[in-house]
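Asker: sequence and predicted model, in that order:
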Amino acid sequence: MAQLSLKSKLAILSDAAKYDASCASSGSSRRDSRDGKGLGSNEGSGICHAYAPDGRCISLLKILMTNFCIYDCSYCVNRVSSNVPRARFSVDEIVRLTIDFYRRNYIEGLFLSSGIIRSPDATMSDMVQIARKLRRQENFRGYIHLKTIPDAAPELIEEAGLLADRLSINVELPTDTSVTRFAPEKSPQQIRQAMANVRVLKDSAKDRSHTGKRPPRFAPAGQSTQMIIGADGSNDTMVLRQSTRLYASYRLKRVYYSAFSPIPDSSYKLPLISPPLQREHRLYQADWLLRFYGFALDEITSVTPDGNLDLQIDPKLAWALQHRGLFPIDVNTADKDMLLRIPGFGVKTVSRILTTRRHRHLRYEDLLRMGASMKKARAFVTAGGWSPSKLTDSADLRARFAPPPEQLSLL
């Protein structure tokens, strides 16, 4: 096999990493090198871009250590039976790349995943060694996210959490049956056990000893997971139900949804439920409603008879159109829960409404200044100087929001 240059490896392994969606760097403890005692920082703004909750753009070197893999998961482009170009970084190559890219101000951190080579323990050991060298030899204080391997020894995952800002363990698919069918070498029980262990270790890191000493920090940005959607025929209700369980059981920071599309040489024959990327987008919106807007799962998924989300309009708008009898809502008197259910109103907008209306009566223009999307909200609210009149009950209200029909090509 011909020896690949570092540039060629980077091209192959950064491209292979694009299928891993669980990449975000929000929520970590703050570290920087302004005291002259290290290199790097995990603060500040802006070759993957992740976004923190406050909108900061954070650039990460997102690569696989290798795309060789001993597993044959049907949905994975890097499975052992896939005919793709292969490459592998050494430990020192990744350390050097990270430091060099950081010094050039290309990145603010590292997101590292890998195919399984030799064994889960051997692969995880190399990944931990990379993080160890960055932290202890290079004194790197930037952000590190490690994709951990659930079958690896618990002590390796524990050390990974002491070095990295965030750990993630993929649940792979929405149901155990699907994992068993499409990824037979992986165990759903083992995946859950590994996620539970990470939660216990993180919780333990909060406890002080009897002397008051704080234990070493463990994955301060928490853990996340990735779920592949569209590969097994599960509908959106099944996907979101699994996500709800995961958030509750493991206190995850985020569930990432990765749209599956069969690659050209794939033997996959399952029909896609819907356009993959559009479905992925709607699932993220629904996930947000469940976590921050007080919606119940059945409220979001009952708008269509097949348990899937409406692809043409966002889930909150779909719910509002199904419950027009609750609208219009007076923004000057409604409680927080109902304000959060108005299409076009976000959490920040609702907070501003509640604060401002203590001092004065809100008008339509005030809502615009607060950042409300009145193109969506105007049919569902009343305010000073504004009433939607019959707009809320108009027969063509949905058509006002849905994208116009497209003429399909005849060629």
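Answerer: Received the coordinates, thanks.

Asker: lowest average confidence, helix or strand, in this protein?
Answerer: strand 48-51 (a mean of 64; mean pLDDT, DSSP states H and E).

Asker: tell me what the host helix or strand of residue 101 is packed against?
Answerer: With secondary structure defined by DSSP states H and E, residue 101 is part of helix 91-103. Contacts defined by 3 or more CB pairs under 8 Å, 6 or more residues apart in numbering; DSSP states H and E place helix 91-103 against helix 6-16, strand 57-64, strand 109-113, helix 120-132. Placement of C-beta: from N, CA and C, glycine included.

Asker: now the spatially most central residue of the chain: phi and psi?
Answerer: Among the residues of the chain, the one closest to the centroid is residue 256, at 3.2 Å (CA atoms, centre = their mean). When quoted as degrees, to the nearest 10, the phi and psi of residue 256 stand at phi -100, psi 130.

Asker: sec struct for the closest residue to residue 185 other than its chain neighbours, please.
Answerer: Of all residues not flanking residue 185 in the chain, residue 71 sits nearest, at 4.7 Å (CB to CB, 6 or more residues apart in numbering). Each residue gets one of three states, and residue 71 gets coil by DSSP: H, G, I helix; E, B strand; the rest coil.

Asker: and for residue 71, the neighbour number?
Answerer: Residues near residue 71, counting by other CB atoms under 10 Å, number 17.

Asker: do the same with residue 363
Answerer: Neighbourhood size, residue 363 [other CB under 10 Å]: 15.

Asker: CA atoms only for stretch 293-309, dumped as PDB, please.
Answerer: This file holds the C-alpha atoms of stretch 293-309, laid out as PDB (Å, rounded to 0.1, in the frame of the first residue of the first chain):
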ATOM      1  CA  TYR A 293     -40.900  25.200  25.300                       C
ATOM      2  CA  GLY A 294     -43.000  22.800  27.400                       C
ATOM      3  CA  PHE A 295     -44.400  20.700  24.600                       C
ATOM      4  CA  ALA A 296     -45.300  17.100  25.200                       C
ATOM      5  CA  LEU A 297     -44.300  14.500  22.600                       C
ATOM      6  CA  ASP A 298     -47.800  13.600  21.500                       C
ATOM      7  CA  GLU A 299     -48.600  17.300  20.900                       C
ATOM      8  CA  ILE A 300     -45.800  17.500  18.400                       C
ATOM      9  CA  THR A 301     -46.200  14.200  16.600                       C
ATOM     10  CA  SER A 302     -50.000  14.000  16.400                       C
ATOM     11  CA  VAL A 303     -50.300  16.600  13.600                       C
ATOM     12  CA  THR A 304     -49.900  13.900  11.000                       C
ATOM     13  CA  PRO A 305     -51.500  10.500  11.000                       C
ATOM     14  CA  ASP A 306     -48.300   8.500  10.400                       C
ATOM     15  CA  GLY A 307     -46.400   9.800  13.500                       C
ATOM     16  CA  ASN A 308     -44.000  11.900  11.400                       C
ATOM     17  CA  LEU A 309     -43.500  15.700  11.500                       C
END
